[in-house]
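Asker: My questions concern the predicted model and sequence given below.
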2 protein chains.
Amino acid sequence: MARAGLSPRAVVDAAIAVVDADGPAALTLAAVAARTGVATPSLYKHVAGLGELRTLVSLRVLEEVGEVVNAAAVGRSGDAAVAAVMQAWRRYVLDHPRRYMLLPLAPHADPMLEAAAKRLLEVFFAVLAGYGLGGADAVHAIRRLRAAVHGFASLEAAGGFAMAEDVGTSFDGLVEMVVASLRPPGDQAHPAVVGRR
Amino acid sequence: MARAGLSPRAVVDAAIAVVDADGPAALTLAAVAARTGVATPSLYKHVAGLGELRTLVSLRVLEEVGEVVNAAAVGRSGDAAVAAVMQAWRRYVLDHPRRYMLLPLAPHADPMLEAAAKRLLEVFFAVLAGYGLGGADAVHAIRRLRAAVHGFASLEAAGGFAMAEDVGTSFDGLVEMVVASLRPPGDQAHPAVVGRR
DNA sequence: GCCCTTAGGCTAATACCGTTAGCCACTGGG
DNA sequence: CCCAGTGGCTAACGGTATTAGCCTAAGGGC
């Protein structure tokens, strides 16, 4: 019989296709095997098991989010950078709502996810450096940013906003809320457009 | 043989105990049956199946959150009410992190959850009325509030805040961020302490 | 061009889960 | 005291992950 020519990479691709099609709960070795045209046990030649596959899918999602967020941040600073990062984050969720549900919330706990999480964190730190935030203040600011954008994203991905009002408008308000909390008290203006590295 | 004296209520109680002990993924009919000292199929006399049990557990969580949030809001208004509501929300998460992961994100979609969701929403609307917010502005404000508090809560419940800085301090900043976004632009003061019903 | 190693597929078998069907005993009311 | 129904049970089925063991296609060394 002709070989299927699978690889760990291809297995994860198929797994993501399953998630996108039928949601995170449908991510099963049997479904992935069916999609790749292979018997279920064959997947073990490429992946240690369902647990590892889940982790690999989460890693992929984390990397993809890191990618788009990083891309949104380059060449921008201050309010514009924060807004771009948040918009990019939401865009990812709108493009891949099912997939987003597998974003790991505590990636630092898993060695496989650690590096990708660090990269995302560094983008945040770089963006916040433009506000003169550092040390503990930067950590608290990043937590506000992360909580706001992830909270909104997870709710929107799950279809949690039922009322008729435009969700994009709500998100604009969220961005403004976060941005305002980064500015020094009493400062209504945008911070220096020339960011710092 | 002596009867176990189960009831739908008791089954949900046991299910919540399972979740609190071993996490949402461990919520299985077999685990609940073991905990209640009954064979697995016996549970079907009280609950339609695993799916319904999950919904009932989610309903319980939603009701509990609604309870503590409502309790926090009574007798308060303005910034104090918003702060109290958010603090109560977080307290629930700290007290029951595993359980919180089953909070339904789109409760309006399920008839069983709809009423409990409505109650929570009404608390939010009442709290925001003290800021003179109504109509679309209130909806956008509620979405900001919900995104911020749920985002923070879900991250904290999952153990997502790895860095050493005090998480409570971060949360205080989150509350301040939300509160500031509710005040009219340029207004640094707290809104009228005399809230409206 | 042949052989031999190995990677990548397979089937068979096990264990655990949810679910359904059908049986039986305890319980409480007439 | 009887009897109907509720709430338990066992048996059986299908789907799932996982392990073991086999077998063959693929590709490099001679």
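Answerer: Thanks, I have it.
Asker: and the residue positioned nearest the centre of chain A, what does it touch?
Answerer: The centre of chain A sits closest to residue A:65, judged by C-alpha atoms, centre = their mean, with a distance of 3.7 Å. When contacts are counted by C-beta atoms under 8 Å, 6 or more residues apart in numbering or on different chains, residue A:65 touches A:89, A:92, A:100, A:103, A:120. The C-beta positions use only the backbone N, C-alpha and C, and glycine is treated the same way.
Asker: What separation is there between it and residue B:14?
Answerer: Per C-beta to C-beta, to the nearest Å, residue A:65 is found 38 Å from residue B:14.
Asker: cool, residue A:32 as well?
Answerer: From residue A:32 across to residue B:14, the span is 33 Å (C-beta to C-beta).
Asker: what's the answer for residue A:64, then?
Answerer: 39 Å.
Asker: When these two are compared, which one has more neighbours?
Answerer: residue B:14 (21 against 18; other C-beta atoms under 10 Å in any protein chain shown).
Asker: who touches the more buried one in this structure?
Answerer: Residue B:14 touches B:32, B:35-36, counting by C-beta under 8 Å, 6+ apart.
Asker: Restrict those to the buried ones and give me that as a PyMOL selection.
Answerer: Selection command for PyMOL covering only the buried members of these, criterion 16 or more other C-beta atoms under 10 Å in any protein chain shown:
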select buried, chain B and resi 32+36
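Asker: and the contacts of residue B:14 as a markdown table, adding secondary structure?
Answerer: Output for the contacts of residue B:14, formatted as a markdown table (DSSP: H, G, I helix; E, B strand; the rest coil):
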| residue | secondary structure |
| --- | --- |
| B:32 | helix |
| B:35 | helix |
| B:36 | helix |
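Asker: so which of the contacts of residue B:14 comes closest to residue A:116?
Answerer: Among these, residue B:32 lies closest to residue A:116 (C-beta to C-beta), at 36.3 Å.
Asker: What confidence value was assigned to that closest one?
Answerer: The model reports residue B:32 with a pLDDT of 98.
Asker: quick one, what contacts residue A:139?
Answerer: B:163, B:165, B:170.
Asker: Need the three-state assignment for it.
Answerer: Following three-state DSSP, residue A:139 is assigned to helix.
Asker: quick revisit: I'd like the contacts of residue B:14 as a markdown table, with distance to DNA strand D appended.
Answerer: Listed next are the contacts of residue B:14 as a markdown table, based on distance: C-beta to the nearest atom of the strand, whole Å:
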| residue | distance to DNA strand D |
| --- | --- |
| B:32 | 12 |
| B:35 | 12 |
| B:36 | 8 |
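Asker: can the contacts of residue B:14 go into JSON lines with extra columns for distance to residue B:49?
Answerer: Formatted as JSON lines, those follow (distance: C-beta to C-beta, whole Å):
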{"residue": "B:32", "distance to residue B:49": "12"}
{"residue": "B:35", "distance to residue B:49": "17"}
{"residue": "B:36", "distance to residue B:49": "16"}
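Asker: restrict the contacts of residue B:14 to contacts with chain A.
Answerer: Among the contacts of residue B:14, not one lies near chain A by C-beta under 8 Å from any C-beta of the partner chain.
Asker: you'd agree residue A:97 is up against residue A:154?
Answerer: No: with contact defined as C-beta atoms under 8 Å, residue A:97 does not reach residue A:154; the gap is 9.8 Å.
Asker: For the two, work out which one has more neighbours and name it.
Answerer: residue A:154 (22 against 17).
Asker: what about the more buried one, which helix or strand?
Answerer: Taking DSSP states H and E as the criterion, residue A:154 maps to helix A:135-157.
Asker: got the CA coordinates for that helix in PDB?
Answerer: Written as PDB, here are the backbone C-alpha positions of helix A:135-157 (Å, rounded to 0.1, in the frame of the first residue of the first chain):
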ATOM      1  CA  GLY A 135       9.500  46.600  36.300                       C
ATOM      2  CA  ALA A 136       6.400  45.900  38.400                       C
ATOM      3  CA  ASP A 137       4.400  48.500  36.600                       C
ATOM      4  CA  ALA A 138       5.000  46.900  33.300                       C
ATOM      5  CA  VAL A 139       3.900  43.500  34.700                       C
ATOM      6  CA  HIS A 140       0.700  44.900  36.000                       C
ATOM      7  CA  ALA A 141       0.000  46.700  32.800                       C
ATOM      8  CA  ILE A 142       0.600  43.600  30.800                       C
ATOM      9  CA  ARG A 143      -1.800  41.700  33.000                       C
ATOM     10  CA  ARG A 144      -4.500  44.300  32.400                       C
ATOM     11  CA  LEU A 145      -3.800  44.200  28.700                       C
ATOM     12  CA  ARG A 146      -3.800  40.400  28.500                       C
ATOM     13  CA  ALA A 147      -6.900  40.100  30.700                       C
ATOM     14  CA  ALA A 148      -8.900  42.600  28.600                       C
ATOM     15  CA  VAL A 149      -8.000  41.300  25.200                       C
ATOM     16  CA  HIS A 150      -8.200  37.600  26.100                       C
ATOM     17  CA  GLY A 151     -11.400  38.100  28.000                       C
ATOM     18  CA  PHE A 152     -13.000  39.800  25.100                       C
ATOM     19  CA  ALA A 153     -11.600  37.300  22.600                       C
ATOM     20  CA  SER A 154     -12.700  34.300  24.500                       C
ATOM     21  CA  LEU A 155     -16.200  35.700  24.900                       C
ATOM     22  CA  GLU A 156     -16.500  36.600  21.300                       C
ATOM     23  CA  ALA A 157     -15.100  33.300  20.100                       C
END
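Asker: Lovely, talk soon.
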